[in-house]
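Enquirer: sequence and predicted model, in that order:
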Amino acid sequence: MPVKAKSIMADSGALKPSHRRLWFAGPLVLLLLVILLSLGTWQVKRLYWKEALLSEIELRVHSAPVELGEIETIAASGGDIEYRTVRLSGIFDHAKERHFFATHQGQTGYYVYTPLKLDDGREIFVNRGFVPYEMKEPAKREQGQVTGRVTIEGLARAQLASKPSIMLPDNDVGKNIFYWKDIRAMAKSAGVPADTLVPFFVDANAAPNPGGWPKGGVTLIDLPNNHLQYAITWYGLAAALVFVAGFAYVRDMKGPKK
């Protein structure tokens, strides 16, 4: 009897190898499952946010233009001015135009940013549009250097706080070639006083310029929306984890074939 009792106690106090693996792997599988499901849910939330943002941009782009003062009020209150349609009037100072390296419809060239002097004496950089590489110099497109008072319609664009990517070259201020829109450097190199500078840009619409250059309406609204694919990927990995873990559990519970 004592021997039998001891044997029973030994059997009850020992875990099968499959049970030991379950105690070790179970919490790890649950943790990974929670992480994968959380990532999938986060991407779904990002999907709804991005769709709402794209809808808002679409609404802004096709809205009637408002006066510059309204855009300034939004900017001063910390609101988002990106892609809001705006109308403004003034006189271009072509001697101060800055050149932003760009490609348009397969061509390499520049966007021409020209200060527009407003009635109150302030100046705002207007992206008048694209010119090919060989037409960088204003003398090669004299017809497009319009004089006198003009009215421009376009989209408001916020200034950048810093270089958007370390992969971009530094602006070559000496050669008047900008690789990112540093509004302060553009203004300083053009001789636009900081206290007269409107702190955002305007992209002119596609209204033709004399001689055809610069070619306006070059604003790119490229906001990729891949969140659905990302969500499917994370949820798919979670489903695969459940399948693999379940298969391993069933196999271990059955034990080796005899």
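Expert: That came through fine.

Enquirer: going forward, measure contacts and count neighbours with C-alpha atoms only.
Expert: Fine.

Enquirer: now do the strands in the protein.
Expert: 66-67, 85-92, 98-104, 107-117, 123-132, 149-158, 200-204 (DSSP state E).

Enquirer: Ser189 is nearest to which of the ones you listed?
Expert: The stretch from those with the least distance to Ser189 (CA to CA) is strand 98-104; that distance is 8.6 Å.

Enquirer: now do the residue nearest to Pro138 when sequence neighbours are not counted against Val86, distance only.
Expert: Using CA to CA, 6 or more residues apart in numbering and skipping residues adjacent in sequence, the residue nearest Pro138 is Gln145, 7.5 Å away. Going from Gln145 to Val86 by CA to CA, to the nearest Å gives 22 Å.

Enquirer: same question, Gly191
Expert: From Gly191 over to Val86 (counting by CA to CA), the distance is 25 Å.

Enquirer: just checking, Glu87 touches Leu68?
Expert: Quick fix: residue 87 is Arg, not Glu. Yes - using CA atoms under 8 Å, Arg87 is in contact with Leu68, at 6.2 Å.

Enquirer: could you point out the longest helix in the protein?
Expert: For the chain, the helix with the greatest residue count under DSSP state H is helix 17-61.

Enquirer: and the angle for that helix with strand 149-158?
Expert: Inter-element angle recorded for helix 17-61 and strand 149-158: 170 degrees (by axes from the mean of the first three to the mean of the last three CA atoms, to 10 degrees).

Enquirer: give me the helices and strands touching helix 17-61, please.
Expert: helix 227-254 (3 or more CA pairs under 8 Å, 6 or more residues apart in numbering; DSSP states H and E).

Enquirer: would you mind measuring the gap between the ends of stretch 89-103?
Expert: Across stretch 89-103, first to last residue, CA to CA, it's 28 Å.

Enquirer: then stretch 140-153?
Expert: 25 Å.

Enquirer: repeat that for stretch 72-83.
Expert: 13 Å.

Enquirer: mind putting the strands of the chain into a markdown table with mean neighbour count, mean pLDDT and distance to Met167?
Expert: Putting the strands of the chain into a markdown table (neighbours: other CA atoms under 10 Å; pLDDT from 0 to 100; distance: least, CA to CA, whole Å) gives the following:
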| stretch | mean neighbour count | mean pLDDT | distance to Met167 |
| --- | --- | --- | --- |
| strand 66-67 | 14 | 96 | 36 |
| strand 85-92 | 20 | 97 | 31 |
| strand 98-104 | 20 | 95 | 14 |
| strand 107-117 | 22 | 97 | 19 |
| strand 123-132 | 25 | 98 | 23 |
| strand 149-158 | 19 | 96 | 21 |
| strand 200-204 | 23 | 97 | 23 |
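
Enquirer: Leu168 is nearest to which of the ones you listed?
Expert: Among those, the nearest to Leu168 by CA to CA is strand 98-104 (11.1 Å).

Enquirer: contacts for that closest one next, please.
Expert: 108-114, 130, 136, 176-181, 186, 190, 218 (CA atoms under 8 Å, 6 or more residues apart in numbering).

Enquirer: average pLDDT for stretch 35-47?
Expert: Confidence over stretch 35-47 (mean pLDDT, whole number) is 92.

Enquirer: identify the spatial nearest neighbour of the residue sitting nearest the centre point of the chain, chain neighbours not counted.
Expert: Centre of the chain computed as the mean C-alpha position; nearest residue by CA atoms, centre = their mean is Leu223, 5.8 Å away. Distances taken as CA to CA, 6+ apart put Leu54 closest to Leu223, at 7.8 Å, once the chain neighbours are dropped.

Enquirer: can you check Gly212 too?
Expert: In space, Gly212 is closest to Gly144, 7.0 Å off (CA to CA, 6+ apart).

Enquirer: so how far is Leu88 from the one you found?
Expert: Gly144 is 19 Å from Leu88, where distance means CA to CA.

Enquirer: quick one: residues contacting Ile152.
Expert: Residues near Ile152 by CA under 8 Å, 6+ apart: Arg87, Leu88, Ser89, Ala204, Asn205.

Enquirer: dump the residues you listed to JSON lines, plus distance to Lys140.
Expert: Formatted as JSON lines, the contacts of Ile152 follow (distance: CA to CA, whole Å):
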{"residue": "Arg87", "distance to Lys140": "28"}
{"residue": "Leu88", "distance to Lys140": "27"}
{"residue": "Ser89", "distance to Lys140": "25"}
{"residue": "Ala204", "distance to Lys140": "21"}
{"residue": "Asn205", "distance to Lys140": "22"}
